[in-house]
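Q: Requesting a structural model of the entry that follows:
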Amino acid sequence: MTQTAELRQATGHQYTRILGLGAYRGEHRVTNDDIAGPIDSSDEWIRQRTGIITRARAAEDINIIDMGTIAAKEAIAAAGIEPAQVGAVILATITNVVQTPAAATRVCDAIGATPAAAYDISAGCAGYCYGITQADALIRSGVAEYVLVIGAEKLSDVIDPTDRSISFLLGDGAGAALIGPADEPGISESVIGSDGAKWDAVSMNHELQEYRRGETEWPTLRQDGRAVFRWAVWEMAKAAREVLDRAGIEASDLAAFIPHQANMRIIDEFANQLGLPESVVIARDIAETGNTSAASIPLATHRLLQENPELSGGLALQIGFGAGLAYAAQVVRLP
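A: Numbers count the residues shown, from 1 in each chain. Okay, here's the model as predicted:
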């Protein structure tokens with residue numbers, strides 16, 4: 001009889017938390033008046049529909065690798081560790097400059113974290129929360145000691161300025177979080193999922209092969225605003241309640257609510273559905289930054305802590321939702 005060798009399995013830390021944050025916002029402030037003409041709209045209509053006053057957009061020579069690197073370096077410095085200690089870099093984006101290699105590998109090299117594992121996530125606006133879920137698992141399984149999660153988007157590259165469905169919402173930016181071991185729970189169990197039957201509610205208007213064959217213009221983003229609003233408000237409110245239940249807390253235990261910055265009307269209705277008490281501070285970064293997809297939650301968290309430092313150490317419910325339709329949420333302890 002053949003004797004089976006004993007197989008070793010990695011074990012890691014029991015708890016994790018966010019140790020530091022970093023951010024990069026596009027250097028150009030684009031007002032509603034700047035973009036209203038091509039969509040036959042106005043500053044008043046855009047503000048009423050979205051809550052956006054300005055959106056941040058990057059210069060032509062700036063890409064997501066540049067933006068992600070800046071945000072990553074700030075997060076590492078805030079966490080007080082060396083880049084060489086990072087065991088994995090996870091970058092959420094839908095706007096990589098190439099199909100392959102992953103943007104994460106180039107950011108990993110730029111920050112001096114080689115030979116850390118590095119890969120991208122394509123989960124739209126839910127990508128950052130997907131990344132937090134994976135970072136928590138990598139550390140607790142013993143694969144990595146510290147994990148860098150980045151959301152980086154240059155959405156101005158994939159919009160049609162004449163499109164009235166989504167183009168006026170979108171901005172450029174990157175946010176990063178350094179996740180590491182903790183003495184007590186700092187990231188709750190996640191609720192994570194998708195509804196692929198509604199994939200075309202937020203999607204590109206053409207396939208790349210159609211463009212390659214010369215049948216279409218460069219593919220750009222489109223959305224069914226009504227479908228997204230209904231899904232986000234009703235279905236995502238259910239997911240948020242489930243996260244609170246799994247985390248073993250009540251809404252009143254939260255210090256902050258940090259949803260994906262999709263639209264101010266969605267954020268307000270979301271908060272109403274959850275019955276959040278007035279003590280819970282709600283992130284509203286969309287007013288000045290716009291919707292930055294995978295970057296929106298870390299950017300909103302970064303701004304929230306800058307403006308409300310007393311929230312440090314408190315609990316925040318964060319939930320990302322969008323193209324796919326993919327979603328992910330968890331309760332985190334703020335750095």
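
Q: Please make it C-alpha for all contacts and neighbour counts, starting now.
A: OK.

Q: residues of stretch 245-261 that come out buried?
A: For stretch 245-261, a neighbour-count test (16 or more other Cα atoms under 10 Å) marks 247, 251, 253-261 as buried.

Q: now, which of the residues you listed lie within helices?
A: If you go by DSSP state H, the buried residues of stretch 245-261 have Ala247 in helices.

Q: can you give me the helices for the chain?
A: With helices called from DSSP H, the chain shows them at 32-36, 43-50, 64-79, 103-111, 127-140, 208-212, 225-230, 236-247, 264-274, 286-289, 296-307.

Q: helices or strands next to the shortest one in the packing?
A: Pointing back at helix 286-289 there. strand 54-57 (3 or more Cα pairs under 8 Å, 6 or more residues apart in numbering; DSSP states H and E).

Q: residues of the strand it packs on that come out buried?
A: Under the neighbour-count criterion of 16+ other Cα under 10 Å, strand 54-57 has 54-57 buried.

Q: thinking again about what came up before, of all the helices of the chain, which one comes closest to Asp163?
A: Asp163 sits nearest to helix 32-36 of all the helices of the chain, at 10.6 Å, using Cα to Cα.

Q: Show the average pLDDT along that closest one.
A: Here helix 32-36 scores 95 as its mean pLDDT.

Q: low-scoring pLDDT stretches of the stretch 151-300 of the chain, where are they?
A: The model of the stretch 151-300 of the chain has no residue with pLDDT under 70.

Q: in it, which spans are strands?
A: Under the criterion DSSP state E, counting those that start in this stretch, the stretch 151-300 of the chain contains strands at 172-182, 191-194, 202-204, 221-223, 256-259, 281-282.

Q: most tightly surrounded among those?
A: For those, average neighbour numbers computed from mean count of other Cα atoms under 10 Å are highest in strand 172-182, which has a mean of 29.

Q: what's the neighbour count on the closest residue in space to Pro219 that isn't next to it in sequence?
A: Among residues not flanking Pro219 along the chain, His206 sits closest, at 5.1 Å (Cα to Cα, 6 or more residues apart in numbering). Neighbour count for His206, taken as other Cα atoms under 10 Å: 16.

Q: The one 3 residues further on too?
A: By the other Cα under 10 Å criterion, the neighbourhood of Gln209 contains 10 residues.

Q: just Tyr119 next, same as before
A: 17.

Q: what residues are up against it?
A: 89-91, 102-105 (Cα atoms under 8 Å, 6 or more residues apart in numbering).

Q: hmm, try it at 6 Å
A: Contacts for Tyr119 (Cα atoms under 6 Å, 6 or more residues apart in numbering) come out as 90, 102, 104.
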